[in-house]
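Enquirer: Task: produce atomic coordinates for the following.
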Amino acid sequence: MTTTSERVTESLRRQVSQRVSQSVFDGSRLRVVLLVDVYDGAQQQFLEAYEQLCNQVASVPGHVSDQLCQSIENPSQWLITSEWESAPPFLTWVNSEEHVQMVRPLHDCVRDTRSLRFHIVRETGGPAVEAEAGERRLQTSPRIGDGLIRHALTFTVKPGSEEKVAKILADYAAPEPRVDDTTRLCRTSLFMHGNRVVRAVEVRGDLLAALRHVARQPEVRAVEEAINPYLEQDRDLDDPDSARVFFTRAALPAVHHVTAGQESPDAVRHALYYPAREGSGLRLAELLARQDEAAADDPQGPVLRSTIFQRDDIVVRLVDVRGGLDADPGPVLGLTDRARAAELTALLDGGALGMDGSPGDEAPARLLTVARMDLVTDRRAPDA
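Expert: Numbering: from 1, shown residues only. Below is the predicted model:
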């Protein structure tokens, strides 16, 4: 039986385009580092919770190994490292409801956590390690980014409240963009598709520090409280566990970013929502990633940059387009022929998009109509 990891990486063991600054689809091994600050006196409770979690994680597809370490200087500081066959199986697990429930026993004994994720580029050691490394899928070359970290959140509001929520989210005062000497909030783009909200941020520096900074701003806190009555998932921002679970479920990680290396004064940012067929979210994100790489390689093409966000069967594509999007949406959507349209349509939840049936020549225009998200606000920090 073909595993999720094998399906995703089989076609992507080729050399990745230099235009791609971020991707989970190159098939290389993943190292996850979790820094944990444990409450004083709760070390034994934490160790017992970890051992229970470790036994459960061992059976997760794609998991290779993990290691727990305690600081020799501060017994409250712990380090958990894990290795995965590739990024997709880890993201599938960490974004699942199973994971939300699995880590709950840790919350009572942990003051703070910080998660870092790395593709393995090189391994060194003795002959045995080097021989094993030769069989592993390592990232072939370092990626060159643009200094920005991209992240998004998504959640749904109660049907009928969409206009009220859009007004609340559009009218708030922008938070202070400067976080500290090294971190700055550069851009916030907020879109809606029906009752689904997507908020994408671009940060230069430390993403976690920026998110915590934004959450502390009074104008942002006021907006969050104002939309609380309209959320489909209840939350209490004064309850750390409730807030943690909400934002864990709302996280929409960036899984691929590509840029054409060009700028244009008439560039416009759009967001497209692609609900996947059940269990097909990762494959859909991979397909869009391939299409975006091809689009970015066309110097005359309309796509200047594109970021794909994916969680479970929710896929959102944030794309900066040269000129308008309506005149010829095919190149932007990657639907330049019937074969590509059929490949994409096969992975979409046609019922959710109202696109049941075989794709025809009208597929690009129809997909654009039903997938395009409504812009609520797109704010750039000065000098960003």
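
Enquirer: pLDDT score for A173?
Expert: Predicted confidence (pLDDT) for A173: 84.

Enquirer: which SS state does it fall under?
Expert: Look at A173: counting by DSSP: H, G, I helix; E, B strand; the rest coil, its state is coil.

Enquirer: can you pull the contacts of it?
Expert: Contacts for A173 (C-beta atoms under 8 Å, 6 or more residues apart in numbering) come out as E219. Just so you know, the C-beta spots here come from the backbone N, C-alpha and C atoms, and that holds for glycine as well.

Enquirer: start the count at 18, not 1, going forward
Expert: All set: I'll call the first residue 18, so the last point we hit is now A190.

Enquirer: Relative to T394, how far out is it?
Expert: Distance from A190 to T394, counting by C-beta to C-beta, to the nearest Å: 11 Å.

Enquirer: per-residue confidence averaged over stretch 340-356?
Expert: Averaging pLDDT along stretch 340-356 gives 74.

Enquirer: What separates the first and last residues of it, distance-wise?
Expert: 26 Å (C-alpha to C-alpha, to the nearest Å).

Enquirer: got it, and stretch 283-301?
Expert: Where stretch 283-301 begins and where it ends lie 29 Å apart, using C-alpha to C-alpha.

Enquirer: for stretch 262-274, same thing?
Expert: Per C-alpha to C-alpha, stretch 262-274 runs 27 Å from first to last residue.

Enquirer: And stretch 155-170, by the same measure?
Expert: Terminal-residue distance, stretch 155-170 (C-alpha to C-alpha): 30 Å.

Enquirer: how about the most centrally placed residue in the chain, what does it touch?
Expert: Geometric centre of the chain, nearest residue: P270, 1.1 Å, by C-alpha atoms, centre = their mean. Going by C-beta under 8 Å, 6+ apart, P270 touches L108, N112, H168, A169, F326, Q327, R328.

Enquirer: from the residues you listed, which ones fall inside helices?
Expert: L108 (DSSP state H).

Enquirer: just the contacts of P270: which has the poorest pLDDT?
Expert: N112 (88).

Enquirer: was I right about R139 contacting S158?
Expert: No - here R139 lies out of contact with S158, judged by C-beta atoms under 8 Å, at a distance of 10.5 Å.

Enquirer: just to revisit the earlier point, so which of the contacts of P270 is the most crowded?
Expert: In terms of neighbour count, Q327 stands highest of those at 29 neighbours, by other C-beta atoms under 10 Å.

Enquirer: Wait, it touches V272, no?
Expert: Yes - with contacts counted by C-beta under 8 Å, Q327 reaches V272, the gap being 4.9 Å.

Enquirer: Could you name every residue contacting both of those two?
Expert: L108, A302.

Enquirer: what's near enough to touch N245?
Expert: Each residue near N245 by C-beta under 8 Å, 6+ apart is listed here: R252, L254.

Enquirer: which SS class is it?
Expert: Assigned with three-state DSSP, N245 falls in the helix class.

Enquirer: circling back: dig out what the residue nearest to the centre of the chain forms beta bridges with.
Expert: Counting by DSSP bridges, P270 is bridged to H168.

Enquirer: Distance of it relative to G298?
Expert: Distance, P270 to G298, using C-beta to C-beta: 12 Å.

Enquirer: Grab the nearest non-local neighbour of V138.
Expert: Using C-beta to C-beta, 6 or more residues apart in numbering and skipping residues adjacent in sequence, the residue nearest V138 is Q156, 4.6 Å away.

Enquirer: ok, now which ones touch that neighbour?
Expert: With the criterion set at C-beta under 8 Å, 6+ apart, Q156 makes contact with D43, S45, H136, I137, V138.

Enquirer: element containing the residue nearest to the third one when sequence neighbours are not counted, please.
Expert: When you say that, I think you mean H136. Of all residues not flanking H136 in the chain, Q156 sits nearest, at 4.3 Å (C-beta to C-beta, 6+ apart). Using DSSP states H and E, Q156 falls within no helix or strand.
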